[in-house]
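Student: After the sequence you'll find the predicted model.
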Amino acid sequence: EMEVGWIIMEIARSEIGYTGHSPFMYSLLVIASALRENFRGPVFIQGDHFQLNRKEFFENPGKEIGKLKSLILSAIEADFYNIDIDASTLVSIDEKEPLKEQEKNGVVTAELTEFIRKNQPEKITINIGGEIGEIGKRNSTPEDLIAFMSIYLDEIKKRGIKEGLTKISIQTGTKHGGFVLPDGTPAKIDVDFETIENLKKLSREKYGLGGVVQHGASTLPKELFKKFPEVGTLEIHLATEFQNILFSSPSIPHELKREMLEYIIKKFGMEKKKDETDEQFFYRMRKFCAEEFNKKLWELTDENKEGYMKEIEEYVEFIFTSLGVKGTIRESRQLPPPRA
């Protein structure tokens, strides 16, 4: 209804694990949904946070990189033509020298870029993102970006790769899922819009990238959303608020929510932190209900679904309006098709 074309459907490495959705299953569901809704235009599917586990990498780097390469292959086979490499977990924040801090991040991102380029379908250039600051840690700086790109560009040049990254994710003060208060509600946080604007300009003018990516934004105060397009944010990742709507919706049966809570307590109760309230614990762990309860949510009555989807519709309309993507379907249809 709002003729939105600039929207990407994404699933992260961690989400593939706890939802039980393989890349192929996810791609199939997204395309089936587009067909069901009579959507006409390109559908963008992305592998988000294809991330290296820091502990496992330093124990056995070859094995951990191998796992990610296997995931990348399965994503490409499922027609994921956007892949965000996240080696920011390898950043050595204790290092005082930016080049040393970003060294492993730059080298590994280059190695995975080479792997993607060698395995992408013929006549298709997969859009690749990198990341310089792990979400939830300290804010990114121009020095971080310059150091990372210096290492990365040297590495892809050595490997004979001409087409590198097109975007870069940065840290601006947010956190996936938000910062949660003792009562289980998200705390209000500030976003460093100056960092977004400065690093956007640097990434575009010095390195020819599309710009910077903002993660962990869905739980931010609503008045902040209009500022993202104002400062030239390239891409914004939104997920947690959809989950919040699910668990707060009166259209989702109370008995089903209680069953989910009991499941989390039984299966993950030992992971509750000492300084964590029950509400904070459930907020943090409830995503792990996904695979177990997919079928029960799918089989809700039409009445339940209609009420819940009405709430989702209101939130989506707010997002599309605030971020200025209404009417972009015409632009997206002008893109060349992904296959020759």
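Tutor: Here it is on my side, so go on.
Student: So for this structure, the centremost residue is which one?
Tutor: Most central residue of the chain, judged by C-alpha distance to the mean C-alpha position with CA atoms, centre = their mean, is Asp48 at 4.5 Å.
Student: Quick one: the strands in the stretch 1-150 of the chain, in order.
Tutor: For the stretch 1-150 of the chain, strands defined by DSSP state E, counting those that start in this stretch occupy the ranges 8-12, 44-51, 82-86, 127-131.
Student: and Glu197, which of those is closest to it?
Tutor: Closest to Glu197 of these is strand 127-131 (CB to CB; 18.6 Å). Quick note: C-beta positions are derived from backbone N, CA and C, even for glycine.
Student: Hey, what's the angle from the closest one to strand 82-86? Just curious.
Tutor: Note on geometry: by axes from the mean of the first three to the mean of the last three CA atoms, to 10 degrees, strand 127-131 and strand 82-86 are set 20 degrees apart in direction.
Student: Strand 127-131: which residues count as buried?
Tutor: Of all the residues in strand 127-131, those buried under the rule 16 or more other CB atoms under 10 Å are Asn127, Ile128, Gly129, Gly130, Glu131.
Student: which one is the first one nearest to, not counting chain neighbours?
Tutor: Yep, that's Asn127 we're talking about. Asn82 (4.5 Å; CB to CB, 6 or more residues apart in numbering).
Student: quick one, which of the strands of the stretch 1-150 of the chain is nearest to Ser27?
Tutor: Shortest distance between Ser27 and the strands of the stretch 1-150 of the chain, using CB to CB, is found for strand 44-51: 5.6 Å.
Student: List the neighbouring strands of that closest one plus their orientation.
Tutor: Here strand 44-51 is paired, per DSSP bridges, with strand 8-12 (parallel), strand 82-86 (parallel).
Student: any idea how far Glu271 lies from Glu15?
Tutor: Distance of Glu271 to Glu15, computed by CB to CB, to the nearest Å: 18 Å.
Student: for Ile132, same thing?
Tutor: For Ile132, the distance to Glu15 - CB to CB - is 22 Å.
Student: And Leu335, by the same measure?
Tutor: 26 Å.
Student: between those two, who's got more neighbours?
Tutor: Just comparing Leu335 and Glu15: by other CB atoms under 10 Å the higher neighbour count belongs to Glu15, 17 against 11.
Student: This completes my enquiry, with thanks.
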